[in-house]
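Participant: With the input below, show me the fold.
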Amino acid sequence: MEVINYKNSIINISNSILKYFNILPYHETLKDIDKLLTEKKYQNVVVLLCDGLGSKNLKDCLSNKDFLRKKKVKDIMSVFPPTTTSATTSFLTGLTPSEHHWYGWDMYFQDSNETISLFLNKVKGTKKKPNLDVLKRDYMQYETIIDLINKKTNKKAYYLSPFNIENPCDTLESVLENILKLSKEKGQKFIYSYIENPDKLMHHYGIYSKKVQQEVKKINDKLEILSQKLKDTVIFVIADHGLISTKYINLKKDIPSLYDMLLRPTAIESRACGIKLKDNVKKEDFEKLFNTYLQDKFTLLTYEQVLKLQLFGDKENSYLKDTIGDYLLVATSNFSINYDDTSPAFKANHAGYTKDELLVPLIVIDCK
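Facilitator: Okay, here's the model as predicted:
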């Protein structure tokens, strides 16, 4: 497996933004972004993160004559795993997953012996609240680049998203309206905006569905219209990951002998599965079953191999070791793993180690 390039990724954009607002970056910045921001000195720096709009997905949905395709500068990397939980947190903090600890949808916590769906704050596969809320753990709290700009400078930073309690922007139209409105206010500012599509549609209808293509075309067209109304503004359009069509393996139904070896539900993601074996299970027996059923679909990594590859970043910590367990199963094909029937099965998914999931576009819309 190749190493994730955390020097040409979505976190480097975040660090370029920190640098532009005179805040010391955590990691390397993107030099071409630095150059653009320094030369143009925009009043408004805007990031629109379109969930799931990977480079391949963008190409599949739009022609090379469409606005966003024409404004694309290059491909950059997401983080590992390429999934919303880890990737959006990485962008918002400028940190790798091994630094902010939001590794994927499900994370195992040793202190309460629970596997918790992080964004839902529920025990995996149930509607039950965990014994200890995710955010009550100090190491699961983080400071965003929005927080830092508002705290350390006399500039303003804003957060436009369906998940913003104070100002929920739950449609593309409301996000774009707020960008336009905020851009007219005095002073230099940063605006981070997030939309749930096309990811939400791709999960349910597939990456090639007409609904997805129509939605991406709508994003394209409305951004082109917005760009004509903005002044002294740059918009960076990025994604947290791409999606691919997928098939599912249900461990409980399809490989019960392997399922019976597991101490607890799989963690992290269905395409990046943390596996913890029961104490009486020999690793060689598990590896033999893996080689029989899954070798052509997944790469099997020990925790030590994960560290050596620096998949999650270069910081070693016990929280990552706890949630991975004994092995990490990394999808290198179009298959995903469900622990049992409580896990959802989508037409398209992400979080695996394929270029279509890892590569995302950097689109630059200069409205100077």
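Participant: now the lengthiest helix in the chain, how far from the chain's geometric center?
Facilitator: When every helix of the chain is counted residue by residue (DSSP state H), the longest turns out to be helix 210-229. Centroid displacement of helix 210-229 relative to its chain, using C-alpha atoms, centre = their mean, to the nearest Å, is 22 Å.
Participant: The helix or strand just after it: how far from the chain's middle?
Facilitator: Tracing the chain past helix 210-229, the next element assigned as helix or strand by DSSP states H and E is strand 233-238. With C-alpha atoms, centre = their mean as the basis, strand 233-238 stands 18 Å off its chain's centre.
Participant: distance between whichever helix or strand comes after strand 233-238 and the chain's centre?
Facilitator: Past strand 233-238, heading to the C-terminal end, the next element that is a helix or strand (DSSP H and E) is strand 244-245. Using C-alpha atoms, centre = their mean, the mean C-alpha position of strand 244-245 is found 16 Å from that of the whole chain.
Participant: Show the secondary-structure elements that strand 244-245 is packed against.
Facilitator: strand 348-349 (3 or more C-beta pairs under 8 Å, 6 or more residues apart in numbering; DSSP states H and E). Any C-beta I mention is one placed from the backbone N, CA and C, and that applies to glycine too.
Participant: and the next helix-or-strand element following the strand it packs on, what's its mean pLDDT?
Facilitator: Using DSSP H and E, the helix or strand that directly follows strand 348-349 along the chain is helix 355-358. Taken as a whole, helix 355-358 has a mean pLDDT of 98.
Participant: And helix 355-358, how far out from the chain middle?
Facilitator: For helix 355-358, the distance between its averaged C-alpha position and the chain's averaged C-alpha position is 12 Å (C-alpha atoms, centre = their mean).
Participant: tilt between the longest helix of the chain and strand 233-238?
Facilitator: With axes from the mean of the first three to the mean of the last three C-alpha atoms, to 10 degrees as the criterion, the two stretches helix 210-229 and strand 233-238 enclose an angle of 160 degrees.
Participant: In CSV, list the C-alpha atoms belonging to stretch 339-356.
Facilitator: Listed in CSV are the C-alpha atoms of stretch 339-356, where the atom choice follows Å, rounded to 0.1, in the frame of the first residue of the first chain:
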residue,chain,number,x,y,z
TYR,A,339,-20.8,-6.9,11.3
ASP,A,340,-24.5,-8.1,11.3
ASP,A,341,-28.0,-7.0,10.2
THR,A,342,-27.9,-3.8,12.3
SER,A,343,-25.5,-2.1,9.9
PRO,A,344,-26.9,-0.3,6.8
ALA,A,345,-26.2,-1.5,3.3
PHE,A,346,-25.8,1.3,0.7
LYS,A,347,-25.6,1.2,-3.0
ALA,A,348,-22.4,3.3,-2.8
ASN,A,349,-19.9,3.7,0.0
HIS,A,350,-16.5,5.1,0.9
ALA,A,351,-13.7,4.8,3.5
GLY,A,352,-11.6,2.3,1.6
TYR,A,353,-8.2,2.5,0.0
THR,A,354,-9.0,3.2,-3.7
LYS,A,355,-8.2,6.3,-5.7
ASP,A,356,-11.9,6.9,-6.3
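Participant: buried set for that stretch?
Facilitator: Along stretch 339-356, the positions that meet the burial threshold by neighbour count (16 or more other C-beta atoms under 10 Å) are 339, 343, 346-354, 356.
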